[in-house]
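**Q** Give me a model of this one.
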Amino acid sequence: ITEKLFLLGAGDRVVGVTVYCVKPPEAKSKEKVGNVTHVNVEKIMRLKPDLVLATSLTDVRLVKKLRRAQIRVETFSEPRSFEELNGQFVRLGVMVGKEDEARRVIGQAEARVRAVSDRVGDQRRPRVFCQIGAHPLFTAVGGTLLDDLIHRAGGINIAGAAKAGFYSREEVIRQDPEVIMIVTMGMAAEKERGVWRRFKGVGAVRQGRIFILDAYRTCSPTPL
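**A** Numbering: from 1, shown residues only. Okay, the predicted model is just below:
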């Protein structure tokens with residue numbers, strides 16, 4: 001959300017962020033009020049914000065406490081698709097008086113995604129495994145933004161039908177993905193790439209198609 005505010009040109013109005021808000025670099029100098037789930041309500045109140053932006057992971061008791069203090073709190077859920085990501089971006093733009101800018105950014109994003117989809121065309125879709133965590137192994141299932149983006153990029157998410165994100169390495173090997181993507185989410189991605197390279201029978205290993213993705217761009221994306 002912090003990065004989106006800066007993308008909208010409203011970064012100068014941001015008075016407090018979480019310890020994970022490191023992009024853009026200007027966000028690092030803002031007052032730190034908590035993490036993803038817990039915040040210091042008293043510190044937020046001292047900053048006297050007109051608006052507090054929370055996520056669905058934020059402790060609801062803290063949200064209620066802020067609202068009881070007559071502070072406006074708006075919550076954003078995890079986007080499950082590219083369309084939902086863009087819709088939330090417009091909603092944020094409206095909140096901060098930047099709707100026109102939000103729609104301009106979304107127009108650019110939609111054009112870029114269309115260009116990728118057009119290049120894919122009717123090509124055969126490779127099987128893809130997207131690794132988000134290592135211990136335990138965790139992946140993106142159907143109904144998530146990553147699943148949607150894999151499909152738009154021309155791939156088939158091998159975990160698309162799974163009920164939960166916890167996955168076994170044995171199951172990945174059995175499904176034989178042709179592409180493996182490793183998100184840098186708090187783990188040694190290069191080490192994990194080395195682990196996968198031991199399994200010479202997996203298509204992604206044979207073809208050298210194991211890629212490392214930046215966690216901020218992958219799991220906390222903005223439209224651009």
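**Q** Can you list the buried residues in the biggest helix by length in the chain?
**A** Secondary structure assigned by DSSP state H gives helix 99-120 as the longest helix of the chain. By 16 or more other C-beta atoms under 10 Å, the buried positions in helix 99-120 come out as 101-102, 105-106, 109, 113. (C-beta placed from N, C-alpha, C; glycine too.)
**Q** Now do stretch 64-83: distance from first to last residue.
**A** 29 Å (C-alpha to C-alpha, to the nearest Å).
**Q** Outside of it itself, list whatever touches it.
**A** Stretch 64-83 is contacted from outside by 1, 41, 44-45, 49-56, 58, 63, 85, 87-88, 91-92, 95, 113, 143-145, 148-149, 152, using C-beta atoms under 8 Å, 6 or more residues apart in numbering.
**Q** that older thread, export the buried residues of helix 99-120 as CSV, with columns for distance to Val33.
**A** Formatted as CSV, these follow (distance: C-beta to C-beta, whole Å):
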residue, distance to Val33
Glu101, 25
Ala102, 24
Val105, 26
Ile106, 28
Ala109, 29
Val113, 33
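**Q** Take these and lay them out in JSON lines including pLDDT and distance to Ile156.
**A** Converted to JSON lines, these look like this (pLDDT from 0 to 100; distance: C-beta to C-beta, whole Å):
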{"residue": "Glu101", "pLDDT": "98", "distance to Ile156": "35"}
{"residue": "Ala102", "pLDDT": "98", "distance to Ile156": "32"}
{"residue": "Val105", "pLDDT": "98", "distance to Ile156": "29"}
{"residue": "Ile106", "pLDDT": "98", "distance to Ile156": "27"}
{"residue": "Ala109", "pLDDT": "96", "distance to Ile156": "23"}
{"residue": "Val113", "pLDDT": "94", "distance to Ile156": "18"}
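**Q** For Tyr216, state which of those residues is nearest.
**A** Using C-beta to C-beta, Ala109 is the member of these that sits closest to Tyr216, with 16.3 Å.
**Q** And the pLDDT for the residue nearest to the closest one when sequence neighbours are not counted?
**A** Excluding the flanking residues, the one nearest Ala109 by C-beta to C-beta, 6 or more residues apart in numbering is Pro223, at 3.8 Å. pLDDT recorded at Pro223 is 94.
**Q** Would you confirm that Pro223 contacts Glu84?
**A** No - when contacts are counted by C-beta atoms under 8 Å, Pro223 is not listed as touching Glu84 (11.1 Å).
**Q** the more surrounded of these two?
**A** Pro223 (20 against 14; other C-beta atoms under 10 Å).
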